[in-house]
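Chemist: Let me see the structure of the following:
(chains A and B)
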Number of protein chains: 2
Amino acid sequence: MLAKIYITLKDGILDPPGKTVQQALTSLGYANVEDVRIGKYVLVRFKNGERTDLEDQTRQMCEKLLANPVIESFSFEIVENPEREK
Amino acid sequence: MLAKIYITLKDGILDPPGKTVQQALTSLGYANVEDVRIGKYVLVRFKNGERTDLEDQTRQMCEKLLANPVIESFSFEIVENPEREK
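Modeler: Okay, here's the model as predicted:
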């Protein structure tokens, strides 16, 4: 089983790297880009475990270690029999 | 319209931050964690544009700027009327 975890900065938290990428895209000619935010995409592969247990475990791991709850939000999904990420 | 872009290291590319997180999770007691890989989750909000154009544009942006094609793979989806990411 594989947990796909998406960690994003909360609204209102400044994102200087995102702003830099936004400016770079604008200067490359992509004038319709309004906003860029950069978050983390964490893939956790489990040896074993039931889906409901893994959901609880993944939530705990995000709260304890992976995300900073003051400035970040997270969401995740548990995927079965994952094809290998390229 | 919002592009959700997932950028991951290719298989075989070492991921020291992922390894560090994996060890931290193991030492926190999550013994069933087999592997952790850390990628980027980039959200690009567009002012306007048709879905097919935005798909082409997003692919170009990934190839030119957002991903390093030597070591990274990317995938993305275009979402309409996005709820604001928290």
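Chemist: okay, and for chain A, where does confidence drop off?
Modeler: A:81-86 (pLDDT under 70).
Chemist: Please enumerate the strands of it.
Modeler: For chain A, strands defined by DSSP state E occupy the ranges A:2-9, A:33-46, A:72-79.
Chemist: As CSV, those with mean neighbour count would be great.
Modeler: Every residue, glycine included, has its C-beta placed from N, CA and C. CSV is the format used below for the strands of chain A (neighbours: other Cβ atoms under 10 Å in any protein chain shown):
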stretch, mean neighbour count
strand A:2-9, 21
strand A:33-46, 21
strand A:72-79, 17
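Chemist: Quick check: residues of chain A near chain B?
Modeler: Chain A comes close to chain B at residues A:6-8, A:10-11, A:21, A:24-25, A:28, A:30, A:32-49, A:57, A:61, A:64-66, A:73, A:84-86, as judged by Cβ under 8 Å from any Cβ of the partner chain.
Chemist: ok, the nearest residue to residue A:17 once chain neighbours are set aside - contacts?
Modeler: Spatial nearest neighbour of residue A:17, chain neighbours left out: residue A:38 (5.1 Å); criterion: Cβ to Cβ, 6 or more residues apart in numbering or on different chains. Residues in contact with residue A:38 (Cβ atoms under 8 Å, 6 or more residues apart in numbering or on different chains) are A:15, A:17, A:18, A:21, B:40, B:41, B:42, B:43.
Chemist: now with 7 Å?
Modeler: A:15, A:17, A:18, A:21, B:40, B:42 (Cβ atoms under 7 Å, 6 or more residues apart in numbering or on different chains).
Chemist: I'd guessed residue A:9 sits against residue A:39; true?
Modeler: Yes. With contact defined as Cβ atoms under 7 Å, residue A:9 reaches residue A:39; the gap is 6.4 Å.
Chemist: before we move on, back to that, so what's the residue nearest to residue A:17 bridging to?
Modeler: Beta-bridge partners of residue A:38, counted by DSSP bridges, are residue B:42.
Chemist: how far away is it from residue B:12?
Modeler: Separation of residue A:38 from residue B:12 (Cβ to Cβ, to the nearest Å): 24 Å.
Chemist: correct me, but residue A:33 touches residue A:24?
Modeler: No. With contact defined as Cβ under 7 Å, residue A:33 does not count as touching residue A:24 (9.7 Å).
Chemist: Find residues that contact each of the two.
Modeler: With Cβ under 7 Å, 6+ apart applied, the contact sets of residue A:33 and residue A:24 do not overlap.
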